[in-house]
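Undergrad: The amino acid sequence is not available; the structure is as follows:
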């Protein structure tokens, strides 16, 4: 005959196991599938204990034993396991929550960066940046009255004043750290003056970096084939260049006028018109779909901040190292794809330098102080 326990103990038993089941279920849902397994295992123990307790009610107790004492023993043992399980689950939930919050913040920051990049590198108008922005947008935003980006004007003026006699001007790479500082300077204020004491080599390299960053060449994609076919024909080149947008035309005139002046001092700087054309053709004239010549990729690489240095003495885990997905490992070293030079395009740019004045007769000839 089943033993009869008091309503008070029945209520305590029901409340105990009901609340235990709820706590485990809640912890499991908060923790996710993996941690829910822990709660499930503890729940199974609770269910087993309750089954033992129910079975005990059907069996005659040993001498001196009561239903209440069995319940207390079962509840005590189950309570220990339950508290341990819930404690472990909460700890895992807390750790998981921190990781989720960190991942969410990282994703949000990355999304913000991407959106900012889209705005700055494609539209340009709503940003102060000049690197990576179409020259039309830069000139429109600057409203300086010039059809040439101010960064080119500032750099060219500086070089002309310095005498243009530095050896390998426009061929030397310049100091990468200095270039990055100058890029930041002009992205914040396109009308800024160059710092005192900056090397002409670095200023010349900055001009190349700027031209490498713009999304479309000065000669435009549309006129690539026509210009290439015209090659050294002054009249043909002159007529084709008239099809350029005004900003492109005036900027191309400005740059080639500067290169003409540099070539006139080739006895000192070792940079004649051919050498200058080889250096600048990949930055002034390339065809649509070109993923980037070695020189353009290298100059873009120069503008990137240095890669993070991993401290192997720290407690950083292998997973943490793999999680550094902001660094593009493939872009750390510019690779030589052995692509042949575009000799026809080089001839075009060389002709624009050597015959600058007759080709750009419709432009106001650039005059430096």
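TA: That came in fine, so what should we check first? Note that this is a predicted model, so its numbers are computed, not measured.

Undergrad: Now for the chain, the helix or strand with the poorest mean pLDDT.
TA: Within the chain, no helix or strand scores below helix 318-322, which has a mean of 38 by mean pLDDT, DSSP states H and E.

Undergrad: Which other helices and strands does the helix or strand that comes right after that one contact?
TA: Downstream of helix 318-322, the first helix or strand assigned by DSSP states H and E is helix 343-354. Counting contacts by 3 or more CB pairs under 8 Å, 6 or more residues apart in numbering; DSSP states H and E, helix 343-354 packs against helix 224-230, helix 234-241, helix 246-263, helix 273-284. Any C-beta I mention is one placed from the backbone N, CA and C, and that applies to glycine too.

Undergrad: Quick check: which of those is nearest to residue 101?
TA: helix 273-284 (44.7 Å; CB to CB).

Undergrad: now the helices and strands packed on helix 343-354 in CSV, with mean pLDDT and distance to residue 192?
TA: Shown next, in CSV, are those (pLDDT from 0 to 100; distance: least, CB to CB, whole Å):
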stretch, mean pLDDT, distance to residue 192
helix 224-230, 95, 33
helix 234-241, 96, 31
helix 246-263, 97, 19
helix 273-284, 96, 22
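
Undergrad: Quick one: those helices as a markdown table, columns for mean neighbour count and distance to residue 87 too.
TA: Output for the helices and strands packed on helix 343-354, formatted as a markdown table (neighbours: other CB atoms under 10 Å; distance: least, CB to CB, whole Å):
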| stretch | mean neighbour count | distance to residue 87 |
| --- | --- | --- |
| helix 224-230 | 17 | 69 |
| helix 234-241 | 16 | 77 |
| helix 246-263 | 22 | 68 |
| helix 273-284 | 22 | 64 |
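
Undergrad: which one of these lies closest to residue 347?
TA: That would be helix 273-284 among the helices and strands packed on helix 343-354, by CB to CB, at 7.7 Å.

Undergrad: The closest one vs helix 246-263, what angle?
TA: For helix 273-284 against helix 246-263, the angle by axes from the mean of the first three to the mean of the last three CA atoms, to 10 degrees is 150 degrees.

Undergrad: what residues does helix 273-284 touch?
TA: Applying CB atoms under 8 Å, 6 or more residues apart in numbering, the contact partners of helix 273-284 are 170-171, 208, 211-212, 217-219, 252, 255, 259-260, 262-263, 266, 271, 293-296, 299, 341-342, 345-350, 353-354.

Undergrad: so where's the stretch 51-200 of the chain shaky on pLDDT?
TA: 51-86, 88-100, 103-104, 106-127 (pLDDT under 70).
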